[in-house]
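In: what's the 3D shape of this:
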Amino acid sequence: MVSPNTHDVERKTIAILKVLKDSPEPIGAARIAHQLNDQGISLGERQVRHHLQIMDERGFTVRADRRNGRSVTPLGLNELDSAMVGDRVGSAIARIKSLTFQSSFDPETCTGNVPINVSLFHQGDFVRALEIMRDACESRWCAGDLVAVEGEGERLGDVTVPKGKIGLATISNIAVSGVFLRAGIPLDFRFTGTLQVKDGKCTRFIDLIEYAGSSLDPAEMFISSKMTSVMQVNCDGNGRILACFCEIPTPALTRAEAVFKGLEAAGIRSLLKSGRAGESICEVFVAQGKTGIILADGLNLVAAVSENDLAVENHAMAGVTDFARLIKLSKLATTV
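Out: Numbers count the residues shown, from 1 in each chain. Here you go, the predicted model:
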């Protein structure tokens, strides 16, 4: 049995590895301790130094030099990816709730912070990727055409763009949840999956994963496994796209419809279909007293790129950014 003390050490190790991973350069114990304190993790500089010595011995970190501190190693990154799976179960829901509260976007003024996904492309592939996304964003199956772009070393949300890559931010579905919250409408994210489209109409979910049991946004897995056909749907109205199933209290439906109109006017067009309690929409049953809502996923743009065999690394629910940073994809494509 793992002792509580050992479990606590592992938690702190993972927290330090996360800080090192997100840093574009090697950093020392003082800066690590400061960033951990900002996250509500109380570790002094001396304690961090002690953990770093242990992590050096385990091969998770390496000292750059005495002045510049540590970097995370490939072994450390692997540990970070696989560590504490039990703690991460359901973390997708926790992330949704956190970003909902961090969102401050106002569709009427088009101001405030909006939740984003971040996708990373090889620099040499980016112009081609833009061409594909420009074609895809013209359809209603993609949740708008507003994006932000940064080069290596810059940040988009919580992600630092690595060397040799270009980062692209797309608007996350959680933007809808944030606007609903300020309108007094609770939005419950229940499932996400691949949605079959036939003759231009949403018919049924083919693959469906519950957010409450997921450690990350399943859309990342669907894209990497090439389980979508967004470009085919755009071409002839038949194929699979990414979508999520949510529920709101039925009495809030009229107010929700007004919110969706405001979002669409601001360039966020995510609503695909809705249905009342007792009904089955796209073969998902709507709970009593609820209205079911199906939203197009903000990563459909990027799924179209992956379908064309271009490498892309996705980070769904990757923090928030100022809405003012976003520009229309069509304008970006003509200037890159």
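In: just say helix, strand or coil for V127.
Out: Look at V127: counting by DSSP: H, G, I helix; E, B strand; the rest coil, its state is helix.
In: residues near it, how many?
Out: V127 has 12 neighbours, counted by other C-beta atoms under 10 Å. In this view, the C-beta of every residue, glycine as well, is placed from N, C-alpha and C.
In: buried set for stretch 117-128?
Out: 117-121, 125-126 (16 or more other C-beta atoms under 10 Å).
In: now do it: distance to the chain's middle.
Out: 16 Å (C-alpha atoms, centre = their mean, to the nearest Å).
In: now do the end-to-end distance for it.
Out: 20 Å (C-alpha to C-alpha, to the nearest Å).
In: who's in contact with that stretch?
Out: Stretch 117-128 has contacts (C-beta atoms under 8 Å, 6 or more residues apart in numbering) with 129, 156-157, 159, 161-162, 164-172, 217, 298-299, 302, 305, 308, 310-319, 336.
In: could I get the average pLDDT for it?
Out: Across stretch 117-128, the average pLDDT comes to 94.
In: what of stretch 314-330?
Out: Looking at stretch 314-330 alone, the average pLDDT works out to 92.
In: so which bits of that stretch are buried?
Out: Quick answer for stretch 314-330 (16+ other C-beta under 10 Å): 314-321, 323, 325-326, 329.
In: what pairs with L271 across the strands?
Out: With DSSP bridges applied, L271 shows beta-bridge pairing to L295.
In: so where's the stretch 101-250 of the chain shaky on pLDDT?
Out: Low-confidence segments of the stretch 101-250 of the chain, defined by pLDDT under 70: 213, 215-216.
In: gap between E57 and T13?
Out: To T13, E57 is 12 Å away according to C-beta to C-beta, to the nearest Å.
In: swap that for G112, please
Out: From G112 across to T13, the span is 36 Å (C-beta to C-beta).
In: and if you look at G262?
Out: From G262 across to T13, the span is 45 Å (C-beta to C-beta).
In: ok, the two, which is more surrounded?
Out: Taking other C-beta under 10 Å, G262 and T13 do not tie; T13 has more neighbours (22 against 15).
In: these two touch, right, that one and F60?
Out: Yes - the criterion here is C-beta atoms under 8 Å, and T13 meets it with F60 at 7.3 Å.
In: between these two, what contacts are shared?
Out: Common neighbours of T13 and F60 (C-beta under 8 Å, 6+ apart) are E79.
In: circling back to that earlier point, among the buried residues of stretch 117-128, which lie within strands?
Out: In strands, defined here by DSSP state E, the members of those are 117-121.
In: what ranges do the strands span in the stretch 101-250 of the chain?
Out: 113-122, 146-150, 155-156, 159-160, 165-171, 188-198, 201-210, 239-249 (DSSP state E, counting those that start in this stretch).
In: using TSV, lay out these together with distance to H50.
Out: Listed next are the strands of the stretch 101-250 of the chain as TSV, based on distance: least, C-beta to C-beta, whole Å:
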stretch	distance to H50
strand 113-122	33
strand 146-150	35
strand 155-156	29
strand 159-160	26
strand 165-171	34
strand 188-198	40
strand 201-210	40
strand 239-249	43
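In: so for S177, which of those sits nearest?
Out: The closest of the strands of the stretch 101-250 of the chain to S177 is strand 188-198. By C-beta to C-beta, the value is 7.0 Å.
In: quick one: distance of the closest one to the chain centre.
Out: With C-alpha atoms, centre = their mean, you get 16 Å for strand 188-198.
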